[in-house]
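Colleague: Can you look at this prediction? I've put the sequence above it.
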Amino acid sequence: MTITRQTSAPERNVSGLPKRMALRPELASVVFLGVLVVVFSVTATGFLSLSNVGNIIEQVAIIGILALGLNMVILSDEIDISVGSNLAITTSVTALVAVATGGNLVLTVLTAIALASAIGAFNGALVVKARIPSIIVTLAMLTILRGLNNMINPTGIPSVPEGVRIFGQGKLLGLSVSAWVFVVLAIVVAVVARHTVWGRDLPAVGGNTDAARFLGLPVDRVRFIAFAVGGLCVGIGSLVYLGQLGAVQPAAGTGLELQVIAAVVVGGTSISGGRGSVLAAVIGAILMGTILNGANLLGLQERWQSVFIGAVILLAIGAEFARRRVLERLVLK
């Protein structure tokens, strides 16, 4: 999904508080989140209760962890729509290893991280080496991985040893362990994005591929690593998923890719690459968790929830274009 274009110059010449606020890609999602909290507080009984807020944070963990990885891929001007299927097969294989080893935590963790990262790296290799568009590669992988998962885990794995559920059970300082995993991973990814050469090259590669190549940036390597990091995050997410549920159904992760993409885009990262932040993925995940939780409390059926999520994606993209137009007007003043 490589799109070559000129980076918008006005964003580098903006001053004043309103203009600085308009520069933040997360602005629209923060405002939207505030509106949703007010609406659901009025319409959905118990939405602001401590127990429900805790549920939202716990539910957000898996979407948020996967969104942190996918955010890197989208920043590089690529896409990965196979994250749900990757999580499904990784969780199934990891659960089988956990059962076979009697709950060996080290082997379980290594299996999840290695398998999911390998799938992400394989996607990246096909994109940067074979020059196949990422939307085609990951669409094919979505189908292949789902089929393989159904072969490996046709009837479901009803339970796993308690020892490997550490990433999804219990609380620490009043917050669920799975939420802590999300928080710690977000901090690590933010540090990598800000303080490593690869992290600084990522938006440059996604923002203007030709300029990045002209400057000598390793475009292919940057994108390959982005896919591998995305897979790594899926591996961590699968450990949280397994820990929370303690079982794996054949349909695990179905439709999850839509929620993760929505979280990244709604959070403020541009779907065309080059603009975004780790904070955008975090806010987007919280926003998606709030939407799903509020929809459940309001009694919306699952099929209507999908319509709701799709509408939110369109609103988010529209809000991003509106932000850009406002920014351009502010710059011209």
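Modeller: Nice, I can see it.
Colleague: nearest spatial neighbour of Trp180, skipping sequence neighbours?
Modeller: Distances taken as CB to CB, 6 or more residues apart in numbering place Leu172 nearest to Trp180, at 5.6 Å, with adjacent residues excluded. C-betas here are computed from N, CA, C, even on glycine.
Colleague: Now do the helix or strand hosting Thr138, average pLDDT.
Modeller: Secondary structure assigned from DSSP states H and E places Thr138 in helix 134-152. Taken as a whole, helix 134-152 has a mean pLDDT of 95.
Colleague: and it, what other elements does it pack with?
Modeller: Counting contacts by 3 or more CB pairs under 8 Å, 6 or more residues apart in numbering; DSSP states H and E, helix 134-152 is packed against helix 83-100, helix 105-128.
Colleague: So which bits of the shortest one are buried?
Modeller: I take that to be helix 83-100. 83-99 (16 or more other CB atoms under 10 Å).
Colleague: Summarise which helices and strands it is packed against.
Modeller: helix 50-75, helix 105-128, helix 134-152, helix 219-245, helix 256-267.
Colleague: mind listing what's buried in stretch 247-263?
Modeller: In stretch 247-263, counting by 16+ other CB under 10 Å, buried: 248-250, 252-253, 256-263.
Colleague: ends of it, how far apart?
Modeller: End-to-end span of stretch 247-263 (CA to CA, to the nearest Å): 25 Å.
Colleague: which ones are touching Met288?
Modeller: Met288 makes contacts with Val60, Ile63, Gln259, Ala262, Ala263, Val266, Ile309, Val312, as judged by CB atoms under 8 Å, 6 or more residues apart in numbering.
Colleague: Columns distance to Pro158 on top of those residues, output as a markdown table?
Modeller: A markdown table is the format used below for the contacts of Met288 (distance: CB to CB, whole Å):
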| residue | distance to Pro158 |
| --- | --- |
| Val60 | 26 |
| Ile63 | 25 |
| Gln259 | 25 |
| Ala262 | 31 |
| Ala263 | 30 |
| Val266 | 35 |
| Ile309 | 30 |
| Val312 | 34 |
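Colleague: mind putting those in JSON lines, distance to Asp201 and pLDDT included?
Modeller: JSON lines is the format used below for the contacts of Met288 (distance: CB to CB, whole Å; pLDDT from 0 to 100):
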{"residue": "Val60", "distance to Asp201": "29", "pLDDT": "88"}
{"residue": "Ile63", "distance to Asp201": "27", "pLDDT": "92"}
{"residue": "Gln259", "distance to Asp201": "28", "pLDDT": "84"}
{"residue": "Ala262", "distance to Asp201": "26", "pLDDT": "84"}
{"residue": "Ala263", "distance to Asp201": "24", "pLDDT": "87"}
{"residue": "Val266", "distance to Asp201": "25", "pLDDT": "83"}
{"residue": "Ile309", "distance to Asp201": "32", "pLDDT": "69"}
{"residue": "Val312", "distance to Asp201": "31", "pLDDT": "70"}
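Colleague: between those residues, which is nearest Val222?
Modeller: Nearest to Val222 among the contacts of Met288, counting by CB to CB, is Ala263 at 22.5 Å.
Colleague: Centre-most residue in this structure?
Modeller: Nearest to the mean C-alpha position of the chain, counting by CA atoms, centre = their mean, stands Ala67 at 1.0 Å.
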